[in-house]
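**Q** dropping the sequence and predicted coords here.
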Protein chains: 2
Amino acid sequence: MVCVQYMILSPGIDRNENFAKLAGGYLFPEIGRRRNAYLEENPEMADRIISLGIGDTTMPIPPHILNGLVEGAKRLGTQEGYIGYGPEQGQAALREKIASVLYNDLIDPSEVYVSDGAKCDIMRVQQMFGPKVISAVQDPSYPVYVDTSVMMGQTGNQDPETMQYDNIVYMKCGPENGFFPDYANLPRADVVYLCSPNNPTGAAATKEQLTGIVKLCKERGSILVFDAAYAPFIRSKDVPKSIFEIEGAKDCAIEVNSFSKYAGFTGVRLGWTVVPAGLKYSDGSLVRDDFNRVMTTAFNGASCIVQAGGLACLDEEGQKEISELIDYYLENAKVLRDTFEELGYPVHGGVDAPYIFVELDGSSWDAFNMILEKAQVVTIPGAGFGPGGEGFLRLSAFAPRASILEACERLKVTMKKD
Amino acid sequence: MVCVQYMILSPGIDRNENFAKLAGGYLFPEIGRRRNAYLEENPEMADRIISLGIGDTTMPIPPHILNGLVEGAKRLGTQEGYIGYGPEQGQAALREKIASVLYNDLIDPSEVYVSDGAKCDIMRVQQMFGPKVISAVQDPSYPVYVDTSVMMGQTGNQDPETMQYDNIVYMKCGPENGFFPDYANLPRADVVYLCSPNNPTGAAATKEQLTGIVKLCKERGSILVFDAAYAPFIRSKDVPKSIFEIEGAKDCAIEVNSFSKYAGFTGVRLGWTVVPAGLKYSDGSLVRDDFNRVMTTAFNGASCIVQAGGLACLDEEGQKEISELIDYYLENAKVLRDTFEELGYPVHGGVDAPYIFVELDGSSWDAFNMILEKAQVVTIPGAGFGPGGEGFLRLSAFAPRASILEACERLKVTMKKD
C-alpha cells in the first residue's frame, strides 16, 4: 500500500528571521507580566505592591515646566500660535538651548536632533548603521542595544548556554573592573554602546575611563554610542555629564539623551541625539547626513507641545526645579544603598545614578521572585540585563519617599542574611 | 624610477550601503529647500509666498479637543494625575475608543497600536518585515514606502533612466486605471502598500476596488499595508474608510492611520496601526507578536498628553469639531478643483481627499518652478512621488481660505492655457 502525504503550504509571507532569534519578550513588559501573575494568585496583595522595578518617574512635573507644556498646548488653539509640522530635527530654539545649557556650547545646535526619546533614537541609530556592523555592549546592559541589534540582523542566534548572541561583543562589567568595560582586551566592534551613569549597574564612568575608551575607539575605528540618559544624576566632580567633555570624542562618538528621567518626562516623551558634524564613515561620507535621512524619512518631529515643555526645562527656573527633583531621587537612592549595606550586601551605584545594583548570594531571578512573594516589592533581576547581570538585583530610586522607606523596612526582614 | 603609491586607509566603520542607494534628500525637505533658495534670491517675495505644498494643517485646534490636550498636560502636575511610562501599545481607553468610534467595533482594541504617527509606523512595519521582503507601491506614492524599503535593504539600486529601484514592484496609477493599481497583472509582492484616499493623487478607492485587491492579496499571499491617513475626508457613500470594512481583510491587511490630518495634529503627533489578531506569517506565527515586539523594544508609547487629546477627538463634541474642520478643508479642495477645471486642466482628487492632482501639459518640476517664480505659490511636483507622477502637480487644501482664494487668483493668470 502506498501512502501519499500532501504537504499543506501555508500561504503568506515569511517571517523576518531576525525576529525569530529574539529571546522571549522585551524585559520590562516581562517584569510587569510576572507582577500581574503574582497578583492574580494573590489579589489581596494588590495594595501592598511597591514598584522599584522599571525606572519610572513618580514625582509630578513641577509648576514652571508644567506651565511650558500647558502653554505649548494652549497656543495651538489660536490662529497666531498654531503650528503644524515642525522641523523633523526639532525646533531651532530647543536645539540651541540644549547645546548651550546642557553642553556649554561644546556642540553646535545643528548637531542636536530632538526626538521622542532615547529608546526610539537607539533604534534609529541602528537603522542608520544597518545589518552589517558588529556591535559591542556592556554586559549587563539596557536590553535595547542588543535587542535592536538582533532585530536589524547584525547578530547570529542566541547560545542557549551562555545566553549570548553570536556576532555581538559582550563587554563584561562587574566589580572586578569597576563596571567599566575592558574594550582594549576584547575583539574590535564597529559600534560600541556605552551607558554612563549606567543602567542597570549605576556605575558612573570617570573622566579617565572615558578618555581611555574614546582613545581606543579612535584607534580601532569604532563609533562610540554614548547613552547619557542618566547624566543629570551626576553630582561628583570628576564624572563627565557628556562624552563631548572628552577630547577627541567628536571624531568618534554619538550621544543619545533624554528628558525622561531629567524632568519626569517618561510619559511625556522627549529626547535628543547629538551627531557631530565631522563624524565620518570610512568612505568619508558624513554620519550626520545619514542620521538626518533617518530622522526626516522615518520620523516626523517630537510633539510641539512637548518641545515647549523641553524649553521650559532649560531656563533658570526649570533648571532649579529639575535640581530639586534629582535631589529627591538621589536621597531615595541613598536610603536604598544604606539599607542593603546595613544588611551586609555589597552595593554598587546609587551615588551619581538613580539605580542601585546589589550583589546577591544566589541567582537574580530567584531573588526577584522571593522579594515579590515575601515583600511585595518589584525589583529587576540583573540577569534580565544580560548574562553578566546574573547574581545581581537592580532597584530603582524612582518612587515616592514613603514607598522607598516602607520597601526598605520589608527588605530588612526579607533579605536578612543568616 | 619606481613610484610607490600608498593607499591611505580611512579609519572608521563602513557606511550602510542601503543609505548610499537613496536618491537625494527626502522629498518634503527638498521642497522647502527650493522655496528657501528662491526666497534668498528674491527676499522681497517673502510675504507673498503661499504654501500649498506639504499637506500641513493650518486651522487652530478646536476648543474641546484643545481642552483634552491642556487637561492632559495639567494633570501631570498633580500627584494623583501624574503618570510616567504608559503601555507602549497606547492607553487602554484610547485603544477602545479608536476601535469603537472609528471602526464600529469591526476590530478589537487589542489590535490597535497607538503611536506618534503613521510615518513612524510605516518605518516600524518595515522594521518588522525586514530586508528580505519584496514591496509593491503605487506609482506615484507617498515617498516613505519606497525610501524605507531602500533603507531596510529590500531593494537594489535606482535605475537612473526609469528612476525606479530594483526589487520594488511599481504599480502605475494614472487616469487610465482610475489611479487604482492593476495588481493582478503585476508581479507578486510580499507586501503591498496602498493609500486611500490617496496621497498624492487624491483618488479614493471604491468598495469594489478594495474588495478586488483584498481578494488578490489573499490569493497571492501578500500582506496589504493600507494607509488610511486621509480617511476622514471621505464623504461619498461607496468609499470605505477602513480596509476592515472589506470582507477577508483581517486575513491579509494591516492599517496605518493618523490623527494628523483628522484633528490638526500634524505637530502634536498621534497615529495608530491596526494589526489583526489572526494575521499570520507562512510559518503560522502571528504578525501581531512581532509588531508588538517592535513597539515595546523600539518605541516607548505616544505622549500621554497627546493621547488625552486623542481621547477628546473621539467623543461626541470632538467628532463634531473634526467634522467642521474637514468641511473647511474640503471646501478649499473644491475651490482649487474648480479653478483648474475652469483653466481647462484635467483635475483628479479633491472630492474625498484634501489633495488635487492636476494633469499638466509639461514636466512637473518645470511647472513647480514656474509657479513658484511667477505666482509665489509652493506646490509639489508629481514626479517627486515617483516616476509615475511625472506630468502632474499636487496641490494641498490645507491652508487658510484667504490663501487658497489668493493662490487661485494668481494661478488663473500663471497657468492660463494659450
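**A** Noted; the coordinates are in hand. Keep in mind it's a predicted model, so treat the numbers as computed, not measured.
**Q** who touches the residue nearest the centre of chain A in this structure?
**A** Central residue check for chain A by Cα atoms, centre = their mean: the C-alpha nearest the mean position is that of A:Tyr142, 5.6 Å away. If you count contacts by Cβ atoms under 8 Å, 6 or more residues apart in numbering or on different chains, A:Tyr142 has them with A:195, A:199-200, A:227, A:385. Using the backbone N, CA and C atoms, a C-beta is placed for each residue, glycine as well.
**Q** mind redoing it with 10 Å?
**A** Listed by Cβ atoms under 10 Å, 6 or more residues apart in numbering or on different chains, the contact partners of A:Tyr142 are A:27, A:55, A:118-119, A:122, A:193, A:195, A:198-200, A:227, A:229, A:385-386.
**Q** phi, psi for it please.
**A** Dihedral angles of A:Tyr142 (phi, psi; degrees, to the nearest 10) stand at phi -50, psi 120.
**Q** wait, does the lengthiest helix in chain A contact chain B?
**A** Ranked by residue count and defined by DSSP state H, the top helix of chain A is helix A:316-343. No: Helix A:316-343 stays out of contact with chain B when judged by Cβ under 10 Å from any Cβ of the partner chain, the minimum separation being 11.2 Å.
**Q** and after that helix, which helix or strand comes next?
**A** Once helix A:316-343 ends, the next helix or strand along the chain (criterion: DSSP states H and E) is strand A:347-349.
**Q** quick one: the helices in chain A?
**A** Under DSSP H, chain A gives helices at A:17-21, A:27-41, A:63-74, A:92-97, A:118-129, A:144-151, A:207-220, A:260-263, A:287-298, A:304-313, A:316-343, A:364-375, A:401-414.
**Q** need those helices in TSV with mean pLDDT, can you?
**A** Putting these into TSV (pLDDT from 0 to 100) gives the following:
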stretch	mean pLDDT
helix A:17-21	93
helix A:27-41	89
helix A:63-74	98
helix A:92-97	98
helix A:118-129	98
helix A:144-151	97
helix A:207-220	97
helix A:260-263	92
helix A:287-298	96
helix A:304-313	98
helix A:316-343	97
helix A:364-375	96
helix A:401-414	97
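**Q** need these in CSV (columns: distance to A:Ile243 and mean neighbour count).
**A** Formatted as CSV, the entries for those read as follows, by distance: least, Cβ to Cβ, whole Å; neighbours: other Cβ atoms under 10 Å in any protein chain shown:
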stretch, distance to A:Ile243, mean neighbour count
helix A:17-21, 29, 17
helix A:27-41, 25, 15
helix A:63-74, 26, 23
helix A:92-97, 18, 19
helix A:118-129, 14, 26
helix A:144-151, 16, 25
helix A:207-220, 6, 18
helix A:260-263, 17, 26
helix A:287-298, 15, 22
helix A:304-313, 21, 26
helix A:316-343, 20, 17
helix A:364-375, 29, 18
helix A:401-414, 31, 17
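**Q** of all the contacts of A:Tyr142, which comes closest to chain B?
**A** Set against chain B, the nearest of the contacts of A:Tyr142 by Cβ to the nearest Cβ is A:Lys119 (4.9 Å).
**Q** isn't that closest one right up against A:Gln126?
**A** No: with the criterion set as Cβ atoms under 10 Å, A:Lys119 and A:Gln126 do not qualify as a contacting pair; they are 11.3 Å apart.
**Q** show me whatever sits in contact with both of these two.
**A** Contacts common to A:Lys119 and A:Gln126, judged by Cβ under 10 Å, 6+ apart, are A:144, A:148, B:298.
**Q** can you tell me which residues contact the second one?
**A** Residues counted as contacts of A:Thr148 (Cβ under 10 Å, 6+ apart) are A:119, A:122-127, A:129, A:135, A:154, A:193, B:127, B:294, B:297-298.
**Q** and for the last one?
**A** Taking Cβ under 10 Å, 6+ apart, we find B:Ala298 in contact with A:26, A:119-124, A:126-127, A:144, A:147-148, A:151-152, B:88, B:123-124, B:127-128.
**Q** how much space between it and B:Leu22?
**A** Plainly put, B:Ala298 is 21 Å away from B:Leu22 if you go by Cβ to Cβ, to the nearest Å.
**Q** do the same with the second one
**A** Distance of A:Thr148 to B:Leu22, given as Cβ to Cβ: 21 Å.
**Q** same deal with A:Cys252?
**A** When Cβ to Cβ is the yardstick, A:Cys252 and B:Leu22 sit 25 Å from each other.
**Q** just A:Phe392 next, same as before
**A** The spacing between A:Phe392 and B:Leu22, counted by Cβ to Cβ, is 43 Å.
**Q** who has more neighbours, these two?
**A** Looking at A:Phe392 and B:Leu22 with other Cβ atoms under 10 Å in any protein chain shown, you find the greater number of neighbours at A:Phe392, namely 26 against 18.
**Q** beta-bridge partners for the more buried one, please?
**A** Using DSSP bridges, the beta-bridge partners of A:Phe392 come out as A:Glu359.
**Q** which residues does it contact?
**A** Per Cβ under 10 Å, 6+ apart, neighbours of A:Phe392: A:140, A:174-175, A:200-201, A:345-346, A:348, A:356-360, A:364, A:367, A:380-383, A:385.
**Q** ditto for A:Gly53
**A** A:27-28, A:31-32, A:34-35, A:368, A:372, A:377-381, A:384, A:394-396, A:398-399.
**Q** which one is it nearest to, not counting chain neighbours?
**A** Distances taken as Cβ to Cβ, 6 or more residues apart in numbering or on different chains put A:Val378 closest to A:Gly53, at 4.0 Å, once the chain neighbours are dropped.
**Q** and A:Ala205, by the same measure?
**A** Nearest residue to A:Ala205, sequence neighbours excluded (Cβ to Cβ, 6+ apart): A:Ser196, at 4.0 Å.
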